[in-house]
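Chemist: Quick one: sequence plus predicted model below, questions after.
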Amino acid sequence: QVQLVESGGGLVQAGGSLSLSCAASSRTFSSGAMGWFRQAPGKEREFVASISRSGNTAYADFVKGRFTISRDNAKNTVHLQMNSVKPEDTAVYYCASRQVRLAAITATDYDYWGQGTQVTVSS
């Protein structure tokens with residue numbers, strides 16, 4: 001079983017930057033793809049970004065050019081660098097992992113989830 005722990009959330013002003021991290025407890029992290037999702041109050045969980053085992057990335061249109069996902073397989077971590085944030089980026093951000101190498105953009109494709117970290121962007 002993979003345990004995921006997110007960190008780095010907090011309050012940031014619009015236009016600012018924030019970096020999220022996700023630490024995985026198991027070496028099996030290195031074999032599968034990772035993803036970031038978010039859920040705002042009253043809304044469904046939505047895809048943000050994903051990265052395959054080999055480093056191929058995918059992004060939701062609303063974060064392209066602003067957010068960057070990366071991973072460090074040696075440290076069992078994945079990061080989400082958030083730049084030029086907007087108030088509409090306010091949400092709980094979740095890290096997810098899957099045992100398949102290829103990245104995915106659907107929540108049901110992921111096997112393990114973190115507890116989430118709150119990101120609040122003030123205007």
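Modeler: Received, thanks.
Chemist: Every contact and neighbour count from this point should use C-alpha atoms.
Modeler: OK.
Chemist: what's the residue nearest the centre of the chain in contact with, if anything?
Modeler: For the chain, Trp36 is the residue whose C-alpha lies nearest the centre (Cα atoms, centre = their mean; 2.3 Å). Contact partners of Trp36, counting by Cα atoms under 8 Å, 6 or more residues apart in numbering, are 47-50, 80, 93-96.
Chemist: Now the buried members of those.
Modeler: Among these, those that count as buried by neighbour count (16 or more other Cα atoms under 10 Å) are 47-50, 80, 93-96.
Chemist: which one of these sits closest to Leu20?
Modeler: Leu80 (5.0 Å; Cα to Cα).
Chemist: Which element, helix or strand, includes that closest one?
Modeler: Secondary structure from DSSP states H and E places Leu80 in strand 77-82.
Chemist: what's the answer for Ser19, then?
Modeler: strand 18-24.
Chemist: Only C-alpha atoms, please: export the very next helix or strand once past that strand in CSV.
Modeler: Downstream of strand 18-24, the first helix or strand assigned by DSSP H and E is strand 34-39. The C-alpha coordinates for strand 34-39 follow below in CSV (Å, rounded to 0.1, in the frame of the first residue of the first chain):
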residue,chain,number,x,y,z
MET,A,34,1.5,10.4,-10.5
GLY,A,35,-1.1,13.1,-10.7
TRP,A,36,-2.5,16.2,-9.0
PHE,A,37,-6.2,16.8,-8.7
ARG,A,38,-8.2,19.6,-7.0
GLN,A,39,-11.6,20.1,-5.5
